[in-house]
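Novice: I would like to see how this sequence folds:
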Amino acid sequence: MENEIYSKINSDFLKSMNTHTRQFMLGIYYDEFKRISRNQALQKEFTFLEFSEKLEHNEISMFQQHCLNCGTIDIILESEGSHEPQYCTKCGRKSLSDFGIENIDRISRVFSFNNVAVSKMISTVHGKSEYSDKLITFDTNQIELIIINSVLETIVKEYFEQLMKLKLMKINDSTVIKIINESYKNDFQNIEKTISIFKRYLGINLKESVSEEDIKNIKEIVELRNIFIHNNGVADEKFLRKIENKTLINNLKTNNKIVGDKYIFLERSDIMNYVKSIINLFTSLETIFTLSFSQNIKNVFISYYLTMQDKTKRSSHES
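Specialist: Have a look, this model is predicted:
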């Protein structure tokens with residue numbers, strides 16, 4: 001069993017390491033096994049050779065914990081009858097894909113709330129008219145676009161941070177976290193800057209995995225969010241110059257006759273296209289992350305234990 005939080009320590013897990021590294025990590029696991037066994041009286045003691053053979057053949061059940069979210073690196077000894085770990089015991093995170101799905105689910109919940117609310121309001125609003133229907137639709141568009149933009153930024157930011165941690169091989173170093181934070185600031189609201197940041201810091205060209213249509217839709221999401229937040233959803237000349245969506249421009253002309261201003265009204269098909277583009281981007285990021293994770297995660301915790309060993313040696317020399 002292996003996921004983004006835990007790896008089962010057995011022959012499959014160890015065989016990808018060279019002989020020196022495998023012996024080093026077996027020594028780490030043996031010391032931790034003895035410590036846990038003594039504290040919890042779970043197992044009788046074994047020699048190093050006995051332990052190594054039992055571990056590699058799944059007769060001892062141990063897991064390497066490596067949470068990229070909170071930086072926890074630990075070793076878990078599974079006692080008889082206990083369940084295999086599924087989430088980080090410190091921060092509760094399951095996996096990055098779960099995080100992305102939970103955020104996208106938020107959009108679905110908002111759609112459901114709005115559908116119920118709009119039906120109720122349209123059926124009860126006084127002086128019901130096309131004008132009132134349009135303004136209710138406008139309000140729901142605004143809420144939905146702001147949520148969609150928030151989910152977009154959150155997902156991209158999280159994938160970038162965890163990919164950076166894998167690249168730098170440090171997941172719990174405050175200096176590394178500072179470097180990551182300073183490398184992007186709030187630029188993930190801009191897809192062109194996002195593409196540039198991924199290329200500059202990770203060597204990843206998002207244009208190879210994200211379609212031009214999705215990039216265009218993501219640009220629109222951000223422009224719409226900005227006009228909703230900063231100009232109450234009334235289109236200005238700057239917005240009109242940036243938007244390529246001809247249907248949206250035509251709707252502005254039509255709705256202007258009804259509500260008396262350049263309010264931005266979106267079709268349900270527009271909203272669903274935006275959500276589809278976010279899902280496509282999320283899928284691409286997950287594919288990129290899964291490959292990077294499989295290639296780099298062992299180096300992350302091996303580097304951690306080597307650093308801890310060096311610190312222990314320096315402390316003993318100083319004392």
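Novice: For this structure, give me the ranges with low pLDDT.
Specialist: Applying pLDDT under 70 to the chain flags residues 1-2, 40-44, 79-84, 122-133, 171-173, 175-176, 183-186, 244-261, 312-319.
Novice: Please, where are all the helices along it?
Specialist: 11-14, 19-40, 48-56, 96-124, 130-168, 174-184, 191-197, 212-231, 237-242, 246-259, 268-318 (DSSP state H).
Novice: Can you lay out those as a markdown table showing mean neighbour count and distance to residue 73?
Specialist: Heads up, the C-betas are built off the backbone N, CA and C, glycines and all. Output for these, formatted as a markdown table (neighbours: other Cβ atoms under 10 Å; distance: least, Cβ to Cβ, whole Å):
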| stretch | mean neighbour count | distance to residue 73 |
| --- | --- | --- |
| helix 11-14 | 15 | 15 |
| helix 19-40 | 15 | 11 |
| helix 48-56 | 16 | 18 |
| helix 96-124 | 14 | 17 |
| helix 130-168 | 19 | 12 |
| helix 174-184 | 13 | 14 |
| helix 191-197 | 18 | 27 |
| helix 212-231 | 18 | 35 |
| helix 237-242 | 12 | 45 |
| helix 246-259 | 13 | 49 |
| helix 268-318 | 15 | 5 |
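Novice: Go ahead and confirm residue 289 touches residue 161.
Specialist: No. Contact between residue 289 and residue 161 fails when scored by Cβ atoms under 8 Å: they sit 10.8 Å apart.
Novice: tell me, what's touching the two both at once?
Specialist: Common neighbours of residue 289 and residue 161 (criterion: Cβ atoms under 8 Å, 6 or more residues apart in numbering): none identified.
Novice: Quick one: the helices of the chain as a markdown table, columns for distance to residue 65 too.
Specialist: Listed next are the helices of the chain as a markdown table, based on distance: least, Cβ to Cβ, whole Å:
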| stretch | distance to residue 65 |
| --- | --- |
| helix 11-14 | 13 |
| helix 19-40 | 11 |
| helix 48-56 | 16 |
| helix 96-124 | 15 |
| helix 130-168 | 15 |
| helix 174-184 | 19 |
| helix 191-197 | 29 |
| helix 212-231 | 35 |
| helix 237-242 | 46 |
| helix 246-259 | 48 |
| helix 268-318 | 9 |
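Novice: Among the ones you listed, which comes closest to residue 77?
Specialist: helix 19-40 (4.6 Å; Cβ to Cβ).
Novice: And that closest one, how far out from the chain middle?
Specialist: 32 Å (Cα atoms, centre = their mean, to the nearest Å).
Novice: Please save the CA atoms from it in PDB.
Specialist: C-alpha atoms of helix 19-40 as PDB (Å, rounded to 0.1, in the frame of the first residue of the first chain):
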ATOM      1  CA  THR A  19      22.700  -1.000  -1.300                       C
ATOM      2  CA  HIS A  20      24.200   1.800   0.900                       C
ATOM      3  CA  THR A  21      21.000   3.800   1.100                       C
ATOM      4  CA  ARG A  22      18.900   0.600   1.800                       C
ATOM      5  CA  GLN A  23      21.200  -0.400   4.700                       C
ATOM      6  CA  PHE A  24      21.100   3.200   6.100                       C
ATOM      7  CA  MET A  25      17.300   3.300   6.000                       C
ATOM      8  CA  LEU A  26      17.000  -0.300   7.400                       C
ATOM      9  CA  GLY A  27      19.100   1.000  10.300                       C
ATOM     10  CA  ILE A  28      16.700   3.900  10.800                       C
ATOM     11  CA  TYR A  29      13.700   1.600  10.800                       C
ATOM     12  CA  TYR A  30      15.300  -0.900  13.100                       C
ATOM     13  CA  ASP A  31      16.100   1.700  15.700                       C
ATOM     14  CA  GLU A  32      12.600   3.100  15.500                       C
ATOM     15  CA  PHE A  33      11.100  -0.400  15.700                       C
ATOM     16  CA  LYS A  34      13.100  -1.100  18.900                       C
ATOM     17  CA  ARG A  35      12.100   2.200  20.400                       C
ATOM     18  CA  ILE A  36       8.400   1.700  19.700                       C
ATOM     19  CA  SER A  37       8.400  -1.900  20.700                       C
ATOM     20  CA  ARG A  38       9.900  -1.100  24.100                       C
ATOM     21  CA  ASN A  39       7.500   1.800  24.700                       C
ATOM     22  CA  GLN A  40       4.400  -0.100  23.700                       C
END
